[in-house]
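Enquirer: I'd like to go over a predicted model; first the sequence, then the structure.
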Amino acid sequence: MTVKTALGNRLTPAVEASNVRKAFGGVVALDGANFSAACGEVHALVGENGAGKSTLIKIIGGRLHADAGEVRIAGRKVSLSGPDAAHRLGAWTVFQELTLLPWMTVAENLFLGREVRNSLGLIARGRLFSKAEQVLADVGIFHIDPRALVEDISLAERQLIEIVRAITQNPQILLLDEPTSSLVERETVWLFEQIRRLCKNGTSVVFTSHRWNEIRTIADRITVFRNGKDVGTFTELGEEEAVTLMTGTRVDVFFPPLPHTPQSVPALSVRELSGTRIKNVSFDLYKGEVLGMGGLAGHGHREVFFSLFGAEPHSAQQIEISGKPVRIRNPRGAVRCGIALVPEDRKTEGLLLPLSVRNNLTLTILRQISRFGLVRAKEERRLAQTLMERLKIRARDLFVPVGELSGGNQQKVLLGRWLLAASDVLLLYDVTRGVDVATKHEIYELVLGLAREGHGILFYSSDAEELAHLCHRVLVMREGRVAAVLSQPGITAEQIVAAAMREQVAV
Amino acid sequence: MFARLLQSAEARRILYAYIAALVLFIIGNIVRPGFLSPASVESVLLIASFVGLVAAGQTFVILIGGIDLSVPWVLNAAAILLATSSLGENARTTQAFLITLGMGALVGLANGVGIAFLGVPAVVMTLAANGIMEGLTLGLSGGMTCESCASYAPPLVQALTHSKFLGIPSALWLWLAITIVVSIALSATRFGRHTYAIGTNARASFLAGVNVTATTVILYILSGIFSALAGIMLVSFGGQAALGMGDPYLFQSIAAVVIGGVYILGGRGHYIGSVAGAICLVTLISVLLALNMPEYGRNIIYGVIILLLLLFYGREEEES
Amino acid sequence: MEQTALAQPFRRSAATHALGQNIGLILVCILLVASIVAYCGIYYAAQQRFPGGFEITSTVNNTMPLVLAALAQTVVVLTRGLDLSVGGMMDLSNAIAAVTLSASLGSMVFWSMAILALGALLGFLNGVLVAIGRLQPILVTLATLSIFQGLAIRVLPQPGGAVPEAYTAALVSTKAPYALLYVIAFGVLWSAFRRTRLGVSILAIGNDAQAARAHGIDPTRTRIAAYTLSGMLASAAGLFLAANATAGDATTGNGYTLSSIVAVVLGGVSLFGGRGSAIGAMLGAFVSSMIVNILFFSHIDPLYQAFYEGLFLVLAVVLAEAVGRLVRKAG
């Protein structure tokens, strides 16, 4: 990790927060937090989910108002009425929730509010498109068509545009909330190049992340948050130290060990699975195995998962579950055959946020706890409470709307729903994304526990380290096909990434 | 459990709706003494029960974020169909009922299929269905000039509709029974859970293994059946069918459901609230009639009061 | 500076994009042409000649109120709302026009302006209730529909009043389909409006109000402006209704609410907001008219008219959806 001068080239911090407090109803998100970032520095905010990092970013970015405390930009105290007030002061934010307009073109989105206009004051579309083309080329993006509708481009491309929109505003302060969550390795490298370029010109970049290797690469300083307060700012910080600071406890081993070996009976057998973006994917998933899936995003993982679950059209020569051939036409059928899917986006595809934890947990297995169509409340309660104990979710949260829980707990509820379904095969798609470190650990234990019980687990992760440590084998996908199969012992993240990128244009 | 129930915003909205109904009754009594007499209350509730029947179907579809604009002419068609298929004879009662309710179910099925399988927006599909039913009804009955069109509902049914049991009209008992059944369906069954899940997030429900299309179709079938049932009740009560008798029930059913606290975009609310909403609405109209207000005045005040009711507790959450 | 190249560039032509992104507009044009051809064919079969100036003019004139109602509805639908009070607004302006317009130019101009201003005011009311009152549009406009209808009946309890000939001639000339000039003018104005700040804002909040706010667009102000504009257009529709009927009636506007929604849907405007063109909606209005004409001249029992209209609506939407899906998949 590079040791850079912590203050950059000016003494006044670009942005400062003092004693900031913010509560949502009864939940305290920030409890007298202090923060300061210098000009030209890259400053990372780390902490568990709910520690306050996102809230701080939203306050500095004008999305939220602090209940108490001061925010100073370039030394002057500010009171931001909204994101555009922050923009006027040069503070631009790239949020986790994308703010692009789906039915407008990329160019229109890039320049919304500052479009190219003709002499009549009307937007000149032709010139708008060429200007967008130019701007994208200036930052090294050539593969996104400015004339395309945002609706028609991929999630990663949308994140790139969101980032481009912010960096082309010549920001004094650039705030990024989990910017790389939808990006792959190469795009992350691009982002870091842009960040370095901005910092050279004096921009202060503040970002939150859960990915330690990224933080190590790019951050000049790291501030750790816990329970709404900053607990330290460092120029160098080891991962274990950080976890200790974030959780306040010592976490001995980061990845639980893989003691058991899988059985030799396949839980899931796939032959020649094809669909949009995937071709002739074949593999066996053994009972008790954690089979990882790696590779660059957009190379077919999502399609494999959703196809096996019946949520995407596909064709296959043969799919067998525990030896029985099956045809899966929709998720209902998949559940009946013994497959479960924990999808990528828990907030929009997985959980029903306004509904209670209980209702979310039991939704899939209602038939089993109903008689003549009526739900048996006592049995349901018993099942839910037992499960919540196992998942370490507070018992009194049973009737709380699941949208009020932290990201980590939400993910646990989603996993819990599928635990109740007791499926032979579990398809877990990026289940640790946006989840704090402590909960990640709990999820790892859960996954390995399920494997030990004899379930077959297909595990996709955008984090190659996770795959290397958690899986018995790893399938690397490339261009919609299985490019490599790596086996323990000795899988490394580098191997996975290398297999994913072979035959790509050299960077 | 009750304490927790009352804490929820949903339950509070339903409570307010009942309070509003009560307040309107009291205002009615002030404006025209005798409004709160048993006979007067009974007649208001009776009329409210017709709205309530349609509102049951409307509640079902609004809970999944849909709407049923085919109410007017399914109702009208049902009224005419009951009369013409029974020809005023008791012997044909059963088959007349089956045909009429079957028609309602069929229209609901068409609506559901169009919306769930063909992806037609609910507004468009049910609007089209309404037009189709209007055309079929007018065309097949020759504009109500056909021979059998002047028939009445079977005397048996008429008598039943007008009868009383324990001093309370049978129609109200029917409404009570339906309220209980619908409420249980929504609160305590798997079907109800699925309905609320779909109304909250259809995609997530689909990925959780819920049969979204089947549930959607069933809900629209139920709506069609309830509209037809309302038509049967109306023609049995009033004697003869008339053209356009279903028109007022569209907006009234939607207003009743919304006043009852059901969220127009789905996922929240309960039929118990729609019942209160129906009562509120009919009471309001009765009070306005009691004031001998001319039609234009009734329209204006009706609209203003709906707005006030909505402003009071129908507001969206603050965008944080 | 060494840049990381992310992927190979790939560009579709501007024409391909225009095609894919305006598929709704293209479909309604095809529908319109098809329905005109069908109409001409059926007319010929019935009357042994093609429709002449009289038929064209009267069709155009009869469609003008719907054209404007569709325009009004589009503005609101683009913000992801629905305006059920369009019919009521038309009733009201129809009634006032019949009662106040006299043959003098001054009177016609003054009262037209006044009625448009009233429409804008009432639309403003709708907008405030939706944007600041935070009520759902379908419910607000349901209530205001009732209010506007009541006001209309108060102004003109019985059909009557008179609209001066000159007024009729100016709006819906009976000599030739000059009213089409209004349509073209509105089309041009829409294209320009689409490129103004307000136009873009309206589309933006229909896409995603939260996201639009992050761009500095004020959803509240934009919504209020949209409903105000819609109100003004709806009362203009009422003026055309009065001009066409040459007399006043406080209830003929009622059917236009749902008809305007049909026209908007036919025109390819999404009921979910954020995309579509008012030009499509205006063409959709003409398609609706053509269907009525086709039914009339095919000697279909007029009692069945609603049946065919309903059937057509469903088929048109299902077809459009299917075609749209194919195009997006191919692209």
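Expert: Okay, I see it.

Enquirer: residue closest to the middle of the chain?
Expert: Because you didn't say which chain, this covers chain A. A:Arg433 (3.8 Å; CA atoms, centre = their mean).

Enquirer: not quite, I wanted chain C
Expert: Note: chain C centre (CA atoms, centre = their mean) maps to C:Ala70, 1.0 Å.

Enquirer: A:Ala267 - that's part of a strand, no?
Expert: Yes. With DSSP: H, G, I helix; E, B strand; the rest coil as the criterion, A:Ala267 is located in a strand.

Enquirer: what residues are up against it?
Expert: A:285-287, A:289, A:321-322, A:424-425, A:454-456 (CB atoms under 8 Å, 6 or more residues apart in numbering or on different chains). Placement of C-beta: from N, CA and C, glycine included.

Enquirer: quick revisit: measure the residue nearest to the centre of chain C to chain A for me?
Expert: 20 Å (CB to the nearest CB, to the nearest Å).

Enquirer: how many residues are close by C:Val287?
Expert: By other CB atoms under 10 Å in any protein chain shown, 25 other residues sit near C:Val287.

Enquirer: state the pLDDT value of it.
Expert: On pLDDT, C:Val287 comes in at 94.

Enquirer: residue contacts, it?
Expert: By CB under 8 Å, 6+ apart, the neighbours of C:Val287 are C:28, C:31-32, C:35, C:263, C:266, C:316.

Enquirer: report the two of those separated the most.
Expert: Distances among these were taken as CB to CB; the most separated pair is C:Ser35 and C:Ala263, at 12.9 Å.

Enquirer: ok so, going back, who wins on neighbours among the contacts of A:Ala267?
Expert: Counting by other CB under 10 Å, top hit in the contacts of A:Ala267: A:Gly456 with 30 neighbours.

Enquirer: just want the phi and psi numbers for that residue.
Expert: phi -100, psi 130 (degrees, to the nearest 10).

Enquirer: can you tell me the closest non-neighbouring residue to it?
Expert: A:Ala267 (2.9 Å; CB to CB, 6 or more residues apart in numbering or on different chains).

Enquirer: check C:Ser270 too.
Expert: C:Gly276 (5.5 Å).

Enquirer: now do that neighbour against B:Gln240, distance only.
Expert: 45 Å (CB to CB, to the nearest Å).

Enquirer: neighbour count winner among the two?
Expert: A direct count of neighbours by other CB under 10 Å for C:Gly276 and B:Gln240 places C:Gly276 higher, at 25 against 15.

Enquirer: now that one, what's its secondary structure?
Expert: coil.

Enquirer: and A:Gln317, backbone torsions?
Expert: Here A:Gln317 shows phi and psi, under degrees, to the nearest 10, equal to phi -70, psi -40.

Enquirer: the one 4 residues further on too?
Expert: According to degrees, to the nearest 10, the main-chain angles of A:Ile321 amount to phi -120, psi 120.

Enquirer: can you name the residues bridging to it?
Expert: Taking DSSP bridges as the rule, A:Ile321 bridges to A:Leu268, A:Lys324.

Enquirer: just to check, it is in contact with A:Cys337?
Expert: Yes. Taking contacts as CB atoms under 8 Å, A:Ile321 lies within contact range of A:Cys337: 5.3 Å.

Enquirer: dump the residue contacts of the residue nearest to the spatial centre of chain B.
Expert: Centroid-nearest residue in chain B: B:Val54, 1.7 Å away (criterion: CA atoms, centre = their mean). Residues near B:Val54 by CB under 8 Å, 6+ apart: B:71, B:75, B:226-227, B:230, B:249, B:252-253.

Enquirer: what's the closest of the residues you listed to chain A?
Expert: Using CB to the nearest CB, B:Phe226 comes nearest to chain A of those, at 19.1 Å.

Enquirer: can I assume that closest one is in contact with B:Phe50?
Expert: No. B:Phe226 is beyond contact range of B:Phe50, at 10.7 Å (criterion: CB under 8 Å).

Enquirer: and the two? which has more neighbours close in?
Expert: B:Phe226 (29 against 24).

Enquirer: dump the residue contacts of C:Tyr308.
Expert: B:135, C:291, C:295, C:300.

Enquirer: contact residues of chain B facing chain A?
Expert: By the rule CB under 8 Å from any CB of the partner chain, the part of chain B lying against chain A is B:4, B:184, B:188-191, B:193-194, B:196-197, B:200-201, B:203-211, B:267-268, B:320.

Enquirer: what's the helix or strand bottoming out on mean pLDDT in chain A packed up against?
Expert: Lowest on mean pLDDT, DSSP states H and E among the helices and strands of chain A sits helix A:239-247, with a mean of 72. Applying 3 or more CB pairs under 8 Å, 6 or more residues apart in numbering or on different chains; DSSP states H and E, we find helix A:239-247 packed against strand A:42-47, strand A:221-226, helix A:437-452.

Enquirer: repeat the analysis, applying 10 Å as the threshold.
Expert: Secondary-structure packing of helix A:239-247 (3 or more CB pairs under 10 Å, 6 or more residues apart in numbering or on different chains; DSSP states H and E): strand A:42-47, helix A:212-218, strand A:221-226, strand A:229-234, helix A:437-452.

Enquirer: just the angle between it and helix A:437-452, please?
Expert: Angle of helix A:239-247 versus helix A:437-452, following axes from the mean of the first three to the mean of the last three CA atoms, to 10 degrees, is 110 degrees.

Enquirer: then A:Val206 would be within a strand, right?
Expert: Yes. A:Val206: assigned to a strand according to three-state DSSP.

Enquirer: next up, the contacts around the residue in chain C that chain B sits nearest to.
Expert: Going by CB to the nearest CB, chain B is nearest to C:Phe307 of chain C, at 2.3 Å. Residues counted as contacts of C:Phe307 (CB atoms under 10 Å, 6 or more residues apart in numbering or on different chains) are B:128, B:131-140, C:295, C:300-301.

Enquirer: same check, this time on C:Gln21
Expert: Per CB under 10 Å, 6+ apart, neighbours of C:Gln21: A:103-105, A:147-149, A:151-152, C:275, C:327-328, C:331.

Enquirer: can you report phi and psi for it?
Expert: Backbone torsions of C:Gln21, given as degrees, to the nearest 10, read phi -80, psi -10.

Enquirer: do you know how far it is from C:Leu71?
Expert: Distance from C:Gln21 to C:Leu71, by CB to CB: 21 Å.

Enquirer: got it, and C:Leu82?
Expert: Applying CB to CB to C:Leu82 and C:Leu71 gives a distance of 15 Å.

Enquirer: between the two, which is the more surrounded one?
Expert: For C:Leu82 versus C:Leu71, neighbours defined as other CB under 10 Å are more numerous around C:Leu71 (28 against 23).

Enquirer: what's the burial count for the closest residue to B:Ser141 other than its chain neighbours?
Expert: Excluding the flanking residues, the one nearest B:Ser141 by CB to CB, 6+ apart is B:Cys149, at 5.2 Å. B:Cys149 sits with 17 neighbouring residues when counted by other CB under 10 Å.

Enquirer: hmm, A:Ser462 is touching A:Thr432, no?
Expert: Yes. The criterion here is CB atoms under 10 Å, and A:Ser462 meets it with A:Thr432 at 9.2 Å.

Enquirer: before we move on, back to that, now do the shared contacts for B:Phe226 and B:Phe50.
Expert: With CB under 10 Å, 6+ apart, B:Phe226 and B:Phe50 have common neighbours B:75, B:253.

Enquirer: thank you kindly, that will do.
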